[in-house]
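[1] predicted model, plus sequence, below.
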Amino acid sequence: MKTKRKDTNQPELEKQLRDAGFSVTSLHELGKGVPDLLCGLHGLNIIIEVKHDNDQLTPAEIKWHSEWDGQVRVAQSLGEILLYVSNYAQQLKRILDSVSDHCDRELKKLKTKGDSASE
């Protein structure tokens, strides 16, 4: 099996991510358009496609990204990734707050109906 090419900035970016507190697993050898890095931070998983000097996605990467039903980010630098993760976490916080508020309202409705399972 042919070894997949690692972007030239990937090793340094992996080190920077680890130094910033992320866990990092390289996925680049999987090929077939699968992104380069699986990263984790405080329970949040982030999938990163590493590019260098505005390189474009390959046809296989475009196909993989279009079929993936989750988040994935193309990035060249630690700064880009940190900004993305910060914005994504803020978005998730708003969503989770809304879900929590909704469930609290529904629990109150159940309690007024005498549903013992809601306690």
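    Thanks, I have the structure now.

[2] what residues of the lengthiest strand in the chain count as buried?
    For the chain, the strand reaching the highest residue count under DSSP state E is reported as strand 44-50. For strand 44-50, the neighbour count (16 or more other Cβ atoms under 10 Å) marks Ile46, Ile47, Ile48, Glu49, Val50 as buried. In short, each C-beta sits where N, CA and C put it, glycine included.

[3] given that strand, what are its sheet partners and their directions?
    strand 37-41 (antiparallel), strand 73-75 (parallel) (DSSP bridges).

[4] can you list contacts of the longest one?
    Spelled out, that is strand 37-41. Applying Cβ atoms under 8 Å, 6 or more residues apart in numbering, the set of residues contacting strand 37-41 from outside is 10, 13-14, 17, 21-28, 45-48, 50, 81, 85.

[5] just the buried subset of these, please.
    Neighbour-count burial (16+ other Cβ under 10 Å) applied to those gives 10, 13-14, 17, 22, 24, 28, 46-48, 50, 81, 85.

[6] which strands and helices sit next to the longest helix along the chain?
    In the chain, taking DSSP state H as the definition, the longest helix is helix 78-112. Packing partners of helix 78-112 (3 or more Cβ pairs under 8 Å, 6 or more residues apart in numbering; DSSP states H and E): helix 10-19, strand 44-50, strand 73-75.
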